[in-house]
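Chemist: One predicted model, sequence on top.
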Amino acid sequence: MTINQKGIKVKWDPLAAGQRIRNIRGTLTQADFAARIGFKQVDISRAERAERPPSIELLLAVALYSGETVDYILTGVKNGVAAETSPTYGSSIELLFIGNLDTPSKRTLRQLARLLASRSVS
């Protein structure tokens, strides 16, 4: 899949993104890793096998745990334009806030983020 944003083409490979999550997990079992970041083992398994794209909540949790950017987890780009578009999540405040929301609130937050993103692209 190719993502074209502001004239920048980034190839997104779901299997490669899953492998980056696997590498971040290291020697932990999927169940242990999932417990540490507040998810279920099946969520980690599906993301690693590219059965489903990881949710934004899962990406944020992995980014917080690892100190990597969401862009790196998705694209593998560390020192490029794509990697600079997402901050490193160094504080658990964002994750705790999102994790404590109910499903309708998460949906509303996603809609707001999409609206803001569409207004900032020129």
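Modeler: Perfect, thanks for sending it.

Chemist: quick one, phi psi at residue 69?
Modeler: phi -90, psi 160 (degrees, to the nearest 10).

Chemist: Burial check on it, number of neighbours?
Modeler: 21 (other Cβ atoms under 10 Å). No exception for glycine: its C-beta is placed from N, CA and C like everyone else's.

Chemist: So what's the predicted local confidence for it?
Modeler: At residue 69, the predicted lDDT confidence score is 86.

Chemist: Toward the C-terminus from the strand or helix carrying residue 43, list the very next helix or strand.
Modeler: Assigned by DSSP states H and E, residue 43 belongs to helix 41-48. Moving toward the C-terminus from helix 41-48, the next helix or strand (DSSP H and E) is helix 56-66.

Chemist: what's the angle from that next one to helix 41-48?
Modeler: With axes from the mean of the first three to the mean of the last three Cα atoms, to 10 degrees applied, the angle from helix 56-66 to helix 41-48 works out at 90 degrees.

Chemist: and helix 56-66, what other elements does it pack with?
Modeler: helix 14-25, helix 30-37, helix 41-48, helix 70-75, helix 92-99 (3 or more Cβ pairs under 8 Å, 6 or more residues apart in numbering; DSSP states H and E).

Chemist: for the protein, what are the low-confidence residue spans?
Modeler: For the chain, residues meeting the criterion pLDDT under 70 lie at 1-12, 79-102, 106, 109-110, 113-114, 116-122.
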